[in-house]
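Engineer: Starting from these lines, generate the structure:
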Amino acid sequence: MLQNRMFQVLPLAILCMISLTFFGCEEDESVLHTLSIKVEPQEGGVVEGMGTYESGSDVTITATANDGYTFLNWTDDDQVISNETEFVYTMPPRDVMLTANFIVKDGTTGVVSDIDGNEYETIYIGGREWMAENLRTTRYHDGTEIPSGLNVEEWEATIEGAYSVHPHDEVVGIDSPGEMVDAYGKLYNWYAVDDDRGLCPEGWQVFSAYDWDELMDYFMDHYDFPAPNVAHLFKSRRQVGSPLGGAFDTETHPRWNAHDTNYGTDEFGFSALPAASRHSYGEFSNEIGITGRFWTSTETDQGQAVRWYLSYDSNEMYWGFDVYKQAGLSVRCVRKQR
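Structural biologist: Predicted structure coming up:
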């Protein structure tokens, strides 16, 4: 009698658990679960497929991008589960919240200003907004002047932020420091890049090696371009003898030097330019038109940091992980992640 009373008071679910073998209790597969879908950002697009379904059901869900946006992927708790705009999702035995992720369409343009009032064209690539011109500011974002005019010995010795302008008298076709800055921007050492007062406009940052790797991964996932041969996609179309012709075939600065087979196609408007550099020991490289060298915010060790560069005679992206922080390189900024 006592045993019968115990079975009477035990919940049915527990009875099923302890007597599965004897009574053949099974999960009730007719229980419905909710499939919800969040759109990120909200204005990015529209989705179909939300509803209530039995676990194990195959549900077709679709995402359609609004004007100005591109579908990126589906995620579940930040884990990518599909890159297809339409796919069949198998409903698990629980309520689910999936996210349809959209990004601003590649090639969308914008404008940003620095503390000096310089305006820069910007470009969206991989859902992030990048500067499409080399930085030209003379001040940190808090208004503090960045030291300049350092001679060879001072440049090599400094461990504080500084910038230089490549000597215009070493470049045919550029007649003043102002023309040089307008064409190719300024050259900053890494101490300026790393300064807490902010080299980039508010809400922006010098991109890191990780940011660049993320961008390359995006290219590999969404475009049929083999790494590392993607330099042409980022180089400005302006080049001496460019086969693209028209205004792109030019000797007027800024431009790349001529090459028979390597030339910029600038697929997305990043417009990388060959502004040369200033060596860590203070001399200028005198490679205007030949190389574009850019800092990242990524430090290698106490005296060195990471930079990437492009050359007029190659379609490869090159990395340097042991570049002395005194070197003067071009800088591009990317909007900070929200």
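Engineer: Give me the contacts around stretch 167-178.
Structural biologist: The contact list for stretch 167-178 (C-beta atoms under 8 Å, 6 or more residues apart in numbering) reads 165, 179-180, 183, 251-253, 284, 286, 288. In short, each C-beta sits where N, CA and C put it, glycine included.
Engineer: how about a markdown table for the residues you listed, with secondary structure, pLDDT and distance to D106 added?
Structural biologist: Formatted as a markdown table, these follow (DSSP: H, G, I helix; E, B strand; the rest coil; pLDDT from 0 to 100; distance: C-beta to C-beta, whole Å):
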| residue | secondary structure | pLDDT | distance to D106 |
| --- | --- | --- | --- |
| V165 | coil | 98 | 33 |
| E179 | helix | 98 | 32 |
| M180 | helix | 98 | 31 |
| A183 | helix | 98 | 26 |
| E251 | coil | 97 | 30 |
| T252 | coil | 97 | 28 |
| H253 | coil | 98 | 28 |
| F284 | strand | 97 | 35 |
| N286 | coil | 91 | 35 |
| I288 | coil | 97 | 29 |
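Engineer: I'd like to know which of those residues is nearest to N229.
Structural biologist: I288 (24.3 Å; C-beta to C-beta).
Engineer: What is the neighbour count of that closest one?
Structural biologist: 29 (other C-beta atoms under 10 Å).
Engineer: so which strand or helix has I37?
Structural biologist: Per DSSP states H and E, I37 falls inside strand 32-40.
Engineer: Moving C-terminal from that strand, which element do we reach first?
Structural biologist: Under the assignment DSSP H and E, the closest C-terminal helix or strand after strand 32-40 is strand 45-48.
Engineer: gap between the following helix or strand past that following strand and the chain center?
Structural biologist: Per DSSP H and E, the first helix or strand lying C-terminal to strand 45-48 is strand 51-54. A distance of 37 Å separates the centroid of the chain from that of strand 51-54, by C-alpha atoms, centre = their mean, to the nearest Å.
Engineer: and the longest strand seen in the chain, what does it pack onto?
Structural biologist: Assignment by DSSP state E gives strand 291-301 as the longest strand of the chain. If you count contacts as 3 or more C-beta pairs under 8 Å, 6 or more residues apart in numbering; DSSP states H and E, strand 291-301 packs onto helix 190-193, strand 204-206, helix 209-222, strand 304-311, strand 318-324.
Engineer: what residues does the longest one touch?
Structural biologist: Read it as helix 209-222. For helix 209-222, using C-beta under 8 Å, 6+ apart, the contacting residues are 83, 125-128, 225, 227-228, 230, 233, 296, 298, 306, 308, 317, 319, 334.
Engineer: now the residues you listed: which count as buried?
Structural biologist: Buried by 16 or more other C-beta atoms under 10 Å: 125-128, 230, 233, 296, 298, 306, 308, 317, 334, out of the contacts of helix 209-222.
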